[in-house]
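**Student:** Based on what follows, work out the 3D shape:
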Amino acid sequence: MRFLLSNDDGVFAPGLLAMAEVLATLGEVTVVAPDIERSAFSSALTLDRPLRPQRLANGFIAVNGTPADCVHIALNGLLDFVPDVIVSGINAGANLGDDVIYSGTVAAALEGRFTGKSSMAVSLVASQAKSLGIDAYRPAAIRAGELLQQWSSLALPPRCLLNVNVPEGPLSSHQGFAMTRLGHRNPSPPVLKLRDPRGQDVYWIGPSGEPSDDADGTDFHAIKEGFISVTALESDMTCRRSSVMLSQWLAKVGAV
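**Tutor:** Numbering: from 1, shown residues only. I've put the predicted structure just below:
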């Protein structure tokens, strides 16, 4: 298999290196990743300046852009082939519940939707993930590799991807894989208001809110129980549950 690997923590992140190691045992790996950390950029594309890919000594390609930029240019001119699978990660920290709205890791995988093939986003659920070395990410990379070994037998609908969250710890600590749905978080804590050296107000966005829905079947619950959470996501954001209500409401608006 031919893999395109990206992330949002940057081309030198240990999670990316760990994932590249495992993918290399399964096929051919091309890495196109941001030159610096670009967490929480979601699906942002850079439209106000040119992107400049640079090939590093290890063969990885660093791009002065967002995770979505990296996959977008890789698929639309940078590479001379279409990868069989796009893998994003391993992210330094969870992408559970509402996190996927902001996640650059998920966005990089989602950018592969036009290929007609499924992609995978992988995250390590660890409170101090950004301070961990490559060894801490290797169990998550191995688990992602186990999923990819069976990839040919998976037939997700078009424009779908898998969002995989792996609890930190050795392989022996994992309880198995669990198919999950997205949970939800409470609102984030208030932002921190400070004064800069010029006396201007500045605001620092803090951590995500705590889980508000960690019932059985959610990604939060699976992680809490020691399972690897596997959630199928899609780019179609249409709220079909509202179709009847919205249709009735529009009929009233049209009758005015």
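**Student:** ranges for the helices of the stretch 151-256 of the chain?
**Tutor:** 219-224, 243-254 (DSSP state H, counting those that start in this stretch).
**Student:** I'd like these as CSV, with mean neighbour count appended.
**Tutor:** Where you see a C-beta, it was placed from the backbone N, CA and C, and this is true even at glycine. Shown next, in CSV, are these (neighbours: other CB atoms under 10 Å):
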stretch, mean neighbour count
helix 219-224, 23
helix 243-254, 9
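**Student:** Comparing those helices by mean pLDDT, which bottoms out?
**Tutor:** When the helices of the stretch 151-256 of the chain are ranked by mean pLDDT, helix 243-254 comes last with a mean of 93.
**Student:** where does it sit relative to the chain's centre, distance-wise?
**Tutor:** Distance, stretch centre to chain centre, for helix 243-254: 36 Å (CA atoms, centre = their mean, to the nearest Å).
**Student:** Mind giving me the packing neighbours of that helix?
**Tutor:** Applying 3 or more CB pairs under 8 Å, 6 or more residues apart in numbering; DSSP states H and E, we find helix 243-254 packed against no helix or strand.
**Student:** Could you check the pLDDT of the nearest residue to W204 once chain neighbours are set aside?
**Tutor:** Counting by CB to CB, 6 or more residues apart in numbering, L192 is the residue found nearest to W204 once chain neighbours are left out, at 4.3 Å. Looking at L192, its pLDDT is 95.
**Student:** Contacts only, for L192.
**Tutor:** 203-204, 206 (CB atoms under 8 Å, 6 or more residues apart in numbering).
**Student:** try F41
**Tutor:** Contact analysis of F41 by CB under 8 Å, 6+ apart lists 8, 66-68, 104, 107.
**Student:** Narrow these to just the buried residues.
**Tutor:** 8, 66-68, 104, 107 (16 or more other CB atoms under 10 Å).
**Student:** Now render the contacts of L192 as TSV, adding neighbour count and distance to L26.
**Tutor:** Shown next, in TSV, are the contacts of L192 (neighbours: other CB atoms under 10 Å; distance: CB to CB, whole Å):
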residue	neighbour count	distance to L26
Y203	10	44
W204	8	41
G206	11	38
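**Student:** Tell me how far the residue nearest to W204 lies from A107.
**Tutor:** The gap separating L192 from A107 is 26 Å, by CB to CB, to the nearest Å.
**Student:** Likewise for Q128?
**Tutor:** Taken as CB to CB, the span from Q128 to A107 is 24 Å.
**Student:** again, but for R195
**Tutor:** Counting by CB to CB - R195 and A107 are separated by 34 Å.
**Student:** Could you do V191 as well?
**Tutor:** V191 is 23 Å from A107, by CB to CB.
**Student:** and the longest helix for this structure?
**Tutor:** helix 134-149 (DSSP state H).
**Student:** packing partners for that helix?
**Tutor:** In terms of contacts (3+ CB pairs under 8 Å, 6+ apart), helix 134-149 is packed against helix 14-24, strand 85-92, strand 119-125, strand 160-167.
**Student:** ok and the shortest one relative to strand 85-92, angle-wise?
**Tutor:** This points to strand 119-125. Using axes from the mean of the first three to the mean of the last three CA atoms, to 10 degrees, the inter-axis angle of strand 119-125 relative to strand 85-92 is 10 degrees.
**Student:** Partner strands of strand 119-125 and their direction?
**Tutor:** strand 85-92 (parallel), strand 160-167 (parallel) (DSSP bridges).
**Student:** Pick the most buried one from those strands.
**Tutor:** Comparing the strands paired with strand 119-125 by mean neighbour count (mean count of other CB atoms under 10 Å), strand 85-92 ranks first with a mean of 30.
**Student:** from the middle of its chain, how far away would that one be?
**Tutor:** For strand 85-92, the distance to the chain centre is 6 Å (CA atoms, centre = their mean).
**Student:** who touches whichever helix or strand comes after it?
**Tutor:** Sequence-wise, the next helix or strand downstream of strand 85-92 (DSSP states H and E) is helix 99-102. Applying CB under 8 Å, 6+ apart, the contact partners of helix 99-102 are 40, 42, 106, 163, 182, 185, 208, 233.
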